[in-house]
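Chemist: Return a 3D structure for these sequence lines:
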Amino acid sequence: MTTLAWDGYINARDLGGFPTALSRSGVTAAGRIARGPRRERLTAAGWDDARAWGLASVVDLRCEHEVGPGEGDHVISDAALDGITIVNAPTEDQNDSEFWETCAPILDSPEYWQHNWRLQPQLVLGALEAIASSQPGTLVHCSAGRDRTGMISALLLGNAGVDPAAVAADYATSVHAMAVVEQLAPGAEPEEIRSPAEVDEWMRDKLPIVRDTATRTHEVFDLLGVSIATRSALRRLLIAEQPTH
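Modeler: Residues are numbered from 1 along each chain as shown. Prediction:
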C-alpha cells in the first residue's frame, strides 16, 4: 500500500501497487485512483501535494448535506481547485426510510454494503460510472474514507483482479487509521476511540465480508447493472499496461 502524505489529510492511499494477475507488471497502476476522507481536511499545501501526485478529478461519495467546509476546516482559495473536476456521486440516500432503518445501525461496517446494493443500486452504479468517466488522477472519498469509500475501493480492486486478502488488508488499514479520530466531520457525533487490539477484534467477522466482496465483484456488478463498458473502463484505470482512454 502507498500512503499519500498530503498536508492535513489522513487515511489516504494510492490504489496502485496491489497484486493482480491481470497486469503484466503484476500490480495495479499507481497515480490513477486514490482513496481518502473528506477533502475539506486538506490544507492549501495539501492541495499542492495532491496536484503533485497528479490530482485531476474528485468523486465525492457523500450525500449533498455532508458536502462543504465546517468549523475547524481550512480556508481554501478557489484558485486551489482550478482545473480539478469535482463530481458529487452519493452512494446512498439517507432520506430513504427503508435504507435508514436497515443500514443506520451498521453504517460503520461492511455489513451494510449488501443492503446498499439491494435498496439503492442506482446510486452505487452512479458512483462507479462517475469514476469510470473521470480524468485519471482521481480522488474517491466520503467522510471518513472508510465505509463508503471502502465499499467502492473493494469493488474497484476486485474488478481489477486484486487478491481479496490484499483488498481486506486495505480496508483494515482504513479502520485502524480512523479508530483514533474522535470526530470525522464538523457537527458529527463523536466517535469511540479504539485501540489496535479492539479494532482487530471488531474486524474478526467484518474482513470476510470484504474478501467476499472482492471475490464476487462481478456478481455484485451484475446486481447493480454495471455495463461491460463501465467494467472495462474501471479495470483500465487500474491496469498499468493499458491506456486510460
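
Chemist: For the rest of this, base every contact and every neighbour count on C-alpha atoms.
Modeler: Will do.

Chemist: How are the strands of the chain distributed by residue range?
Modeler: With DSSP state E, the ranges of strands along the chain come out as 2-3, 13-14, 33-36, 57-60, 85-88, 138-141.

Chemist: elements contacting the last one?
Modeler: Judged by 3 or more CA pairs under 8 Å, 6 or more residues apart in numbering; DSSP states H and E, strand 138-141 is in contact with strand 33-36, strand 57-60, helix 148-159.

Chemist: average pLDDT for it?
Modeler: Averaging the model's pLDDT scores along strand 138-141 yields 98.

Chemist: Same check on the first one?
Modeler: For strand 2-3, mean pLDDT is 93.

Chemist: cool, and the second one?
Modeler: Strand 13-14 shows an average pLDDT of 98 in the prediction.

Chemist: Which other helices and strands does it contact?
Modeler: Short answer (3+ CA pairs under 8 Å, 6+ apart): strand 13-14 packs on strand 2-3, strand 33-36.

Chemist: Which parts of the protein are helices?
Modeler: Taking DSSP state H as the test, the helices found in the chain are 44-53, 97-103, 113-119, 121-132, 148-159, 164-178, 196-202, 207-215, 217-224, 228-238.

Chemist: Deepest in the core, which of these is it.
Modeler: Mean neighbour count (mean count of other CA atoms under 10 Å) peaks for helix 148-159 among those, with a mean of 25.

Chemist: measure the residue nearest the centre of the chain to residue 191 for me?
Modeler: By CA atoms, centre = their mean, the mean C-alpha position of the chain lies nearest to residue 149, the distance being 2.3 Å. Distance check for residue 149 against residue 191: by CA to CA, to the nearest Å, it reads 18 Å.

Chemist: Over to residue 223?
Modeler: For residue 223, the distance to residue 191 - CA to CA - is 33 Å.

Chemist: same check, this time on residue 21
Modeler: 38 Å.

Chemist: Please apply the same query to residue 160.
Modeler: As for residue 160, its distance to residue 191 is 33 Å (criterion: CA to CA).

Chemist: Does residue 19 touch residue 27 like I think?
Modeler: Yes - between residue 19 and residue 27 there is a contact at 4.4 Å, judged by CA atoms under 8 Å.
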